[in-house]
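Sequence unavailable; structure follows:
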DNA sequence: TTAGGGTTAG
């Protein structure tokens, strides 16, 4: 064998290793004797990795009679190899072998093991290593203790960390700082602060950890105060960490003045070369409402890393400057810098908000091309985007490709199905979620409750509602109450609804009252409508929708005096009804329509077609529903108003501008009205098209004369 | 051996 190795070149030996595991040890010895150093450097790790393929080889490697190295060294080598390959479980098992061979692990062995535990956040394995100290009589030094401390605090096992910390006979700044950062991460700010105050000779690290802790837990003023104290008390030279945490604090307050002060400091001290400091700076300007300044800083950055790009793109979206956001994203793609999960999540989220499925699809294609992590939140952002765009089938395809869907993706699916008129599927997914072992949170419950509402499954909904605290031990939120009131009042179960409202532990919010008011509109419940509206007037007197709904309820009951009164209050308070508008994208152009809009170049064709269509749908049985018109005008006039609602104009334009059979997708800024809903159902049948209307609340898929929402919206 | 910036669900 030795001679054979001698004759073989590097590749030959490598192939030999893979063919014959048993020879590994001998091969290794041979390499040591016969190969040049640089070749041995490559070959030895390869042999070692083969050596520890299983326990048998390991034992043989270690207990071999004529070892060419010491036992400790062999153990260390084996553990190093396992750690390199991230095979934690097997590495931990070596501790048993050590015991059996009565070998005392060295600090280096423990250190390597703990590092791997840290990487994999393996708390239990870390505990095993810790427990092994006692067995082997090992007394850890500061280095090992700190590592263990870090592991415990990163795994949020603070009791363990604190016990160890208190037991340590010697501590350095790192021990203190690690402990503080553990408390800070877990949100135990008071504990962190107490410890922080006790740190002898605080360094930059201590200060920046504490400042960031306050920022992260929504106490930006405390963070700023601490930064000021640091400047006053300590003679410390600010470093990139303290500066960026102080910038984050100014961004969170927000305090542009201090931010600018720090900016000046950065320019004077040369901290500007750090990518994170630059990013924090542009982040600060963005959050202090100065996107222009943020862009200015961004443009001046020498090394713009992906985080800087992501931040800047996000800044544009956040401030409603979507076009510039998308433009900068295209620039990023051209720059050759590879976007990451955060970038994709940000851009996909913007697509979801706009229901810009075309862009979202392009991003998806790009992600697929460069490869994305199906475990990441970029994947869940994709699910969210498709479901928000009403393309629940694509959402499901992405979802099914995820090895382990996270709660966000589950919730996106549940809400997506609920919003797109498939409440049974929503409920099925919720049940699957329960079985998957992922714990639902309050938002997942909002999803399933709204599904029950749309399916009209009152009792099922009540069952879920009660299970929230009875089975899942979660507290009911105001949202849950709003959902359950929506569920009950849509079905006319007002007595139960009122009973719940009067007994609920928190003040009903605007969503709850708005749901109740909506239910009252369906069932013509005057007294309760008044109660809901009055509550809403108090919470949000500027919201025109409340006045309009209340007036409509009175109008339906023929109580025109009351209608007039509501209108008068509305005028007195200066509340203006938000104009309804609908838009449709044909090829690359977006066409926007208002009520009775005549500004479109194709107005003549649109109105003529709509006229023809109105006749046809009336023949099919459509009766204009004039109840829901605010003004007390003549019937014929009402009909006129109705037939030129923005969504009807957009649908009509869609039909005449696209080839037969094309899907029509219309967006509306407000909820669609009852009459349009009925009319579009008929239209879908007459023109033989699938029509999707996304209103401010949900998706309506119209097909063959019916709508996916089952007339609940 | 300790740390800072970006992201998703109604």
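Yep, that arrived. Source: prediction; values computed, not measured.

Wait, a strand at residue A:590?
Yes. According to DSSP: H, G, I helix; E, B strand; the rest coil, residue A:590 belongs to a strand.

Could you count how many residues lie near the closest residue in space to residue A:272 that isn't next to it in sequence?
Nearest non-adjacent residue to residue A:272, counting by CB to CB, 6 or more residues apart in numbering: residue A:266, 5.3 Å away. For the C-beta atoms, the positions are set from N, CA and C on the backbone; glycine is no exception. By other CB atoms under 10 Å, the residues close to residue A:266 number 22.

Let me see the mean pLDDT of stretch A:189-200.
What stretch A:189-200 shows for mean pLDDT is 92.

likewise stretch A:422-440?
91.

same deal with stretch A:395-414?
Mean per-residue pLDDT for stretch A:395-414: 90.

where's the residue nearest to residue A:272, which helix or strand?
Taking DSSP states H and E as the criterion, residue A:266 maps to helix A:256-269.

and the next helix or strand after that helix, how far out from the chain's middle?
Counting by DSSP H and E, the element after helix A:256-269 in chain order, helix or strand, is helix A:275-287. Put simply, helix A:275-287 sits 22 Å off its chain's centre (CA atoms, centre = their mean, to the nearest Å).

How about stretch A:493-513?
In terms of CA atoms, centre = their mean, the centre of stretch A:493-513 is found 30 Å from the chain centre.

List the neighbours of that stretch that are in contact with it.
Contacts of stretch A:493-513 with the rest of the structure, by CB atoms under 8 Å, 6 or more residues apart in numbering, involve A:458, A:476, A:478-479, A:481-482, A:484-485, A:488-489, A:516, A:519-520, A:523, A:525, A:528, A:532-533, A:535-536, A:539-540, A:543.

same thing but 6 Å
Residues outside stretch A:493-513 that contact it (CB atoms under 6 Å, 6 or more residues apart in numbering): A:478, A:481-482, A:485, A:488-489, A:525, A:528, A:532, A:535-536, A:539-540.

now the residues you listed in CSV, with pLDDT and distance to residue A:608?
Output for the contacts of stretch A:493-513, formatted as CSV (pLDDT from 0 to 100; distance: CB to CB, whole Å):
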residue, pLDDT, distance to residue A:608
A:478, 92, 49
A:481, 95, 49
A:482, 93, 44
A:485, 95, 45
A:488, 94, 46
A:489, 93, 42
A:525, 92, 41
A:528, 93, 44
A:532, 95, 42
A:535, 94, 46
A:536, 93, 41
A:539, 91, 45
A:540, 89, 41
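
List buried residues within those.
A:478, A:481, A:482, A:485, A:488, A:489, A:525, A:528, A:532, A:535, A:536 (16 or more other CB atoms under 10 Å).

Quick check: the farthest pair among those?
Greatest spatial distance in these: A:478 and A:525, 22.1 Å, computed using CB to CB.

now check the helix holding residue A:266, is it near DNA strand B?
No. Judged by CB under 7 Å from any atom of the strand, helix A:256-269 stays clear of DNA strand B, getting no closer than 10.2 Å.

got the angle between that helix and helix A:275-287?
150 degrees (axes from the mean of the first three to the mean of the last three CA atoms, to 10 degrees).

Now do the helices in the stretch 51-200 of chain A.
With helices called from DSSP state H, counting those that start in this stretch, the stretch 51-200 of chain A shows them at A:55-63, A:71-84, A:88-100, A:107-119, A:123-136, A:142-154, A:158-167, A:173-185, A:189-198.

Next, count neighbours for residue A:85.
13.

where's it relative to residue A:79, distance?
As judged by CB to CB, to the nearest Å, residue A:85 and residue A:79 stand 11 Å apart.

Checking my notes, residue A:547 in a strand, right?
No. Residue A:547 is assigned helix when assessed by three-state DSSP, not a strand.

so it makes contact with residue A:570?
Yes. Applying CB atoms under 6 Å as the test, residue A:547 and residue A:570 come out as touching, 4.5 Å apart.

how far out from the middle of the chain is stretch A:543-555?
Computed by CA atoms, centre = their mean, the separation of stretch A:543-555 from the middle of its chain amounts to 36 Å.

Not counting it itself, show me its contacts.
Under CB under 6 Å, 6+ apart, the answer for stretch A:543-555 is A:517, A:521, A:529, A:533, A:536, A:562-563, A:566, A:570, A:575, A:577-578, A:628, A:630.
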